[in-house]
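Participant: starting from these lines, generate the structure:
(one chain, ligands or ions: 1)
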Amino acid sequence: MNKKMKPESLMMSYGYKPELSEGAVKPPMFLTSTFAFKTAEEGKAFFELAYGLRNKNENEEPGLIYSRINNPNLEILENRLCLWDKADDCAVFESGMSAISTTLLEFLKPGDLLLYSSPTYGGTAHFISHFLPSIGVKCIGFESSHEKEEIIKLVEESGKAENLQLIYLETPANPTNKLIDIEMCAEIARYFSSEDNSVKVAVDNTYMGPIWCHPLEHGADLVIYSATKYIGGHSDLIAGAVLGGHGVMNRVKTLRTFLGNMASPHTAWLLLRSLETLKIRMEKQMGNAVKIADALSDHPMIQEINYLGNLDKNSRSFKIFEKQYSGSGAMLSIKIRGGEKEAFAILNQLKLIKLAVSLGSTESLIQHPASMTHAGMDKEAKIKLGITDNLIRLSVGIENAQDLINDFVNALESIRFNHKNQSEKLILN
Ligand SMILES: *Cc1c(COP(=O)(O)O)cnc(C)c1O
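Facilitator: As a prediction, this is how the structure comes out:
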């Protein structure tokens with residue numbers, strides 16, 4: 001298969017040979033824990049490669065041994081995921097959190113320093129602020145408003161600059177859509193690298209998904225996904241992925257072998273099905289998001305809409321957006337006029353849009369970050385990062401755009417009516 005073709009053309013075929021599976025057009029599900037060797041010599045050769053006892057011969061494919069190490073469904077999936085991000089290699093995990101925690105554990109040892117962007121996904125924030133310090137890793141955070149020189153100063157003032165090993169970014173940030181400049185972080189990594197220590201940059205690209213941003217092209221060493229979101233795209237599975245160059249991926253895959261947190265053949269098979277429609281799903285989701293952001297932008301019950309398609313052209317965020325992203329995605333966060341009461345009233349009124357956490361799926365999902373996905377954060381930090389009580393987060397699906405707009409406007413109108421009645425009562429009293 002010609003790798004020069006666009007990824008969407010290759011999602012139905014790349015990495016699968018029908019002749020190895022009775023001519024089946026689609027990869028069957030390989031529900032097997034172990035694989036028979038043709039000869040003892042072959043088994044020995046497979047193990048030598050798997051354990052790094054010798055280098056790969058030219059054109060040699062690693063042999064199948066045992067499904068914790070590899071499985072045809074997992075292998076085809078990983079090969080196809082590499083195409084979007086132009087990565088050398090990919091490791092698929094049983095969750096986004098296992099992809100993230102395995103990466104952090106591989107690149108950080110006791111005494112090391114981690115620099116990370118804030119806010120991040122709640123689970124990541126918890127792992128960084130509670131687990132990593134317990135094994136002696138020092139963690140310092142920065143925000144999207146920080147300039148390069150300020151971040152360098154933060155690291156230098158920590159007194160552990162020579163122990164910096166990893167810069168971990170989440171951009172766009174969940175739930176605020178705040179952007180971090182990946183190229184700037186790669187420069188900071190180079191600034192703190194020495195001859196025998198190269199500081200790595202890892203980017204959680206879940207919130208944008210794999211179509212409109214490829215962090216490796218902007219200088220990142222690793223890109224991470226919760227495949228539960230856009231990649232899976234149907235709210236029916238949990239999975240994660242890490243992609244990057246051969247050197248870093250060998251390390252991630254080796255730790256995965258020993259933690260045993262790879263995805264199952266069943267999950268991999270479902271993800272292969274999802275990948276065939278990834279691009280059309282995401283294009284439709286983005287198209288709907290653009291229409292919703294426009295239709296709601298001047299509604300009197302809305303204080304503010306954060307959508308990457310509507311950034312102020314003079315802002316620093318817009319410059320990062322233009323450099324880093326070729327699409328505006330399908331995630332909106334919306335500040336309602338009022339507080340938690342008004343935000344909840346809207347969530348409770350919606351009929352088509354479902355009240356649930358998670359994102360990137362075919363159905364539209366809405367939630368209240370301050371009391372749900374980001375409930376674990378302390379109040380001050382939430383306010384500082386813009387996660388206020390009147391903020392709701394919308395993940396736009398593939399439904400009819402006008403039906404989604406009507407659903408939202410109806411909910412807004414119902415609280416506007418109550419709002420008005422209440423103000424009138426106050427005046428009468
Ligand atoms: C959901 C999510 C994760 C965690 O992924 P799981 O598949 O739920 O473990 C990590 N990062 C971001 C940005 C997410 O949205």
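Participant: list the contacts of the residue nearest to S371 when sequence neighbours are not counted.
Facilitator: Leaving out its chain neighbours, the residue that sits closest to S371 by C-beta to C-beta, 6 or more residues apart in numbering is E340, at 7.1 Å. C-beta: built from backbone N, CA, C; applies to glycine. Contacts for E340 were tallied using C-beta atoms under 8 Å, 6 or more residues apart in numbering; they are 368, 370-371, 389-390.
Participant: what's the most distant pair in those?
Facilitator: Pairwise distances across those (C-beta to C-beta) peak at 11.6 Å, for the pair S371 and N390.
Participant: so between those two, which is more surrounded?
Facilitator: When S371 and N390 are compared for neighbours, N390 comes out ahead with 20 against 13, by other C-beta atoms under 10 Å.
Participant: doesn't K341 make contact with that one?
Facilitator: No: using C-beta atoms under 8 Å as the test, N390 is too far from K341 to be in contact (9.2 Å).
Participant: go ahead and confirm G43 touches F37.
Facilitator: Yes: counting by C-beta under 8 Å, G43 sits close enough to F37 to count as a contact (3.7 Å).
Participant: helix/strand/coil for I140?
Facilitator: Following DSSP: H, G, I helix; E, B strand; the rest coil, the label given to I140 is strand.
Participant: hmm, back to that, let's see the pLDDT reported for the residue nearest to S371.
Facilitator: We note a pLDDT of 96 for E340 in this prediction.
Participant: swap in N55?
Facilitator: At N55, the predicted lDDT confidence score is 86.
Participant: where does the stretch 201-350 of the chain come near the ligand, residue by residue?
Facilitator: Within reach of the ligand by C-beta under 6 Å from any ligand atom, the stretch 201-350 of the chain has these residues: 204, 206-207, 226, 228-229, 238, 240.
Participant: of those residues, which belong to strands?
Facilitator: For these, the ones inside strands are 204, 226, 240, with DSSP state E as the criterion.
Participant: need the residues you listed in JSON lines (columns: pLDDT and neighbour count).
Facilitator: Conversion of these to JSON lines gives the following (pLDDT from 0 to 100; neighbours: other C-beta atoms under 10 Å):
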{"residue": "D204", "pLDDT": "98", "neighbour count": "29"}
{"residue": "S226", "pLDDT": "98", "neighbour count": "29"}
{"residue": "G240", "pLDDT": "98", "neighbour count": "28"}
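Participant: what's the closest of those to the ligand?
Facilitator: Of all these, the one with the least separation from the ligand (C-beta to the nearest ligand atom) is S226, at 3.0 Å.
Participant: report pLDDT for the closest residue to that closest one other than its chain neighbours.
Facilitator: Once its chain neighbours are removed from consideration, S226 has its nearest residue in G96; the separation is 2.6 Å (C-beta to C-beta, 6+ apart). What the model reports as pLDDT for G96 is 98.
Participant: G96 touches N205, doesn't it?
Facilitator: No: in this structure G96 lies outside contact range of N205 using C-beta under 8 Å: 11.1 Å.
Participant: which residues are in contact with each of these two?
Facilitator: Counting by C-beta under 8 Å, 6+ apart, the common neighbours of G96 and N205 are 224-225.
Participant: and the chain, split by domain according to the record?
Facilitator: If the domains of the chain are taken from automatic domain parsing, they occupy 7-275, 278-428, with pieces of a single domain joined by a plus sign.
Participant: those: lowest mean pLDDT?
Facilitator: Lowest mean pLDDT within the domains of the chain: domain 278-428, at a mean of 93.
Participant: what about that domain, distance to the chain center?
Facilitator: How far domain 278-428 lies from its chain's middle: 19 Å, per C-alpha atoms, centre = their mean, to the nearest Å.
Participant: name the residue of the stretch 1-150 of the chain that lies nearest to the ligand.
Facilitator: Using C-beta to the nearest ligand atom, G96 is the residue of the stretch 1-150 of the chain that sits closest to the ligand, at 2.2 Å.
Participant: who's in contact with that residue?
Facilitator: Residues touching G96, when contacts are defined by C-beta under 8 Å, 6+ apart, comprise 121, 123, 206, 224-229, 238-240.
Participant: now do N348
Facilitator: With contacts defined as C-beta under 8 Å, 6+ apart, N348 is in contact with L355.
Participant: please identify the helix or strand for it.
Facilitator: When elements are defined using DSSP states H and E, N348 is found to belong to helix 340-349.
Participant: re earlier: buried only: go through the contacts of G96 for me.
Facilitator: By the neighbour-count criterion of 16 or more other C-beta atoms under 10 Å, the contacts of G96 include these buried positions: 121, 123, 206, 224-229, 238-240.
Participant: adding distance to K17, write those out as CSV.
Facilitator: Putting the buried ones among the contacts of G96 into CSV (distance: C-beta to C-beta, whole Å) gives the following:
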residue, distance to K17
Y121, 37
G123, 38
T206, 31
I224, 29
Y225, 26
S226, 30
A227, 24
T228, 29
K229, 30
I238, 29
A239, 24
G240, 27
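Participant: partner strands of the helix or strand just after the helix holding N348, with direction?
Facilitator: Note on helix 340-349: by DSSP H and E, the next helix or strand toward the C-terminus is strand 354-355. Strand 354-355 pairs in its sheet with strand 365-367 (parallel), by DSSP bridges.
Participant: next helix or strand past the strand it pairs with?
Facilitator: Remark: after strand 365-367, the chain's next helix or strand is helix 379-384, criterion DSSP H and E.
Participant: give me the contact list for that next one.
Facilitator: Residues from elsewhere that reach helix 379-384 (C-beta under 8 Å, 6+ apart): 119, 370, 374, 388.
Participant: what do you get for stretch 34-51?
Facilitator: Applying C-beta under 8 Å, 6+ apart, the set of residues contacting stretch 34-51 is 53-54, 56, 60, 62-67, 69.
Participant: just the buried ones from those residues?
Facilitator: Among the contacts of stretch 34-51, those classed as buried by neighbour count (16+ other C-beta under 10 Å) are 63-65, 67, 69.
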